[in-house]
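# Build me a structure from this.
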Amino acid sequence: MEASGDQHGAAVLQALRRRNPHLRAWGVGGPALRRGGLRAIAHAETLSAMGVGDVLRHVPRLLRLRQHLLHLARRRPPALALLCDAPDFNLPLGHRLRLRATPVVMLVAPQAWAWRPERARTMPDEVDLLLTLFPFEPAFFRRYGVPTEFIGHPLATRRLTRSPDSPPTLALLPGSRPAELQRHLPVMLQARRRLEQLLPTNTTVLAAAPTLDPRHIHDLLGSAHQDVEVLSGARAALQRASLAIVVSGTASLEAALAEVPAVVVYRTDRLTWEIGRRLVKTPHIAMPNILHDGPRLFPELLQRDVTPARIVQAAREVLRRAPSIGAGLRGVAAKLQPPPPWTEPAEHAAELIWEVIQRG
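Next up, the predicted model:
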């Protein structure tokens, strides 16, 4: 589970508890879900895997965990299973649970519209309802017979405003998983030194996801730890940023919603890259670019193009275009608002989930 999936799940759990204060929840979750009262059978951050090779190494442990969850569900059947993100783990689990007459709702759709569309064909047997964060997803999944509702994106309802008196600041958002941090932070730090001429500042902030080990971050920073301020989460970093270097994923969307010019980067292992570039069907990888009806809002650098020189070149481009991309970024934010009359995606999700529970 991504850190963002953990936060979305926690918000929905809180909204469900506002409807029923006696609701009890158990399962797999990260820090936000555990703080929200989830009785954790396993910690999501200990199961994080990136890339094909990494996933293969974790398969035995993941299969054991899935069997353990099914065993617990057999002993005490839940009123509903809420699956947050992690489709390769969760969808087979959903199928088995539905065979036992447990209603299943999935929060956050798999990106089958971008790659591996065959996943959508089996989803009518795996979920009773799919709740999506992006407005174009329901039409895609309904074509495959998946009951789907767009609830809005949580980030769009709590947008950031940069402090006007903040000095020019570079924000580094190197991802929420250890492998992402390892692959991206060193090259971001190298680019940072070259960006001093482009962005006249000695101020650099780094967003530390709650799923990361602070000691790992400190080790990778090395001597730069005196010059880089480590902040908790993307919001704190972007609130001060005038330019960001972000790993593709939720961070690029957060930068867009904060209207911070950003360079989107992504590296993965060679096997995953070779497989992915043959399967991915979208022209962009950054969600702001996918949502925008027009040219790219943020430059994207992938794999071997993620170098200090290319990052600086892309940063120069996005800063030059900053005045002209503002309308596009605001258009992205408008598309992600919850459908009327809802103002909070978690409340909308809780209402739909409660309807599934009541149907039994």
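
# quick one, what contacts residue 100?
73-74, 77 (C-beta atoms under 8 Å, 6 or more residues apart in numbering). Using the backbone N, CA and C atoms, a C-beta is placed for each residue, glycine as well.

# Going by neighbour count, which of the residues you listed are buried?
residue 73 (16 or more other C-beta atoms under 10 Å).

# Looking at the contacts of residue 100, spot the one nearest residue 62.
Within these, proximity to residue 62 (C-beta to C-beta) peaks at residue 73, which comes in at 16.5 Å.

# one step back: mind checking which of the contacts of residue 100 are in strands?
Among those, none falls in strands (DSSP state E).

# Distance to residue 204 for the contacts of residue 100 - can I get that in a markdown table?
Listed next are the contacts of residue 100 as a markdown table, based on distance: C-beta to C-beta, whole Å:
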| residue | distance to residue 204 |
| --- | --- |
| 73 | 47 |
| 74 | 51 |
| 77 | 51 |
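
# looking at this, residue 111 is in a helix?
No: according to DSSP: H, G, I helix; E, B strand; the rest coil, residue 111 belongs to no helix; its state is coil.

# Quick check: phi and psi on it?
phi -80, psi 50 (degrees, to the nearest 10).

# okay, it: pLDDT?
pLDDT, residue 111: 92.

# next one: the one 5 residues further on
Looking at residue 116, its pLDDT is 86.

# can you check residue 16 too?
If you check residue 16, the pLDDT there is 96.

# So it is in contact with residue 23, correct?
Yes: using C-beta atoms under 8 Å, residue 16 makes contact with residue 23 at a distance of 5.6 Å.

# If you count surrounding residues, which of those two has more?
Per other C-beta atoms under 10 Å, whichever of residue 16 and residue 23 has more neighbours is residue 16, with 23 against 13.

# Break down the stretch 151-300 of the chain into its strands, ranges please.
Assigned by DSSP state E, counting those that start in this stretch, the stretch 151-300 of the chain shows strands spanning 169-173, 203-208, 228-232, 243-247, 262-266, 300-302.

# And for the stretch 1-150 of the chain?
Listed in chain order, the strands of the stretch 1-150 of the chain (DSSP E, counting those that start in this stretch) span 26-29, 39-43, 81-84, 104-107, 129-132, 148-150.

# Quick check: residue 113 vs residue 294, distance?
19 Å (C-beta to C-beta, to the nearest Å).

# of the two, who's got more company?
residue 113 (18 against 10).

# Which helix or strand in the protein has the lowest average pLDDT?
Least confident helix or strand of the chain, by mean pLDDT, DSSP states H and E, is helix 270-279 with a mean of 71.
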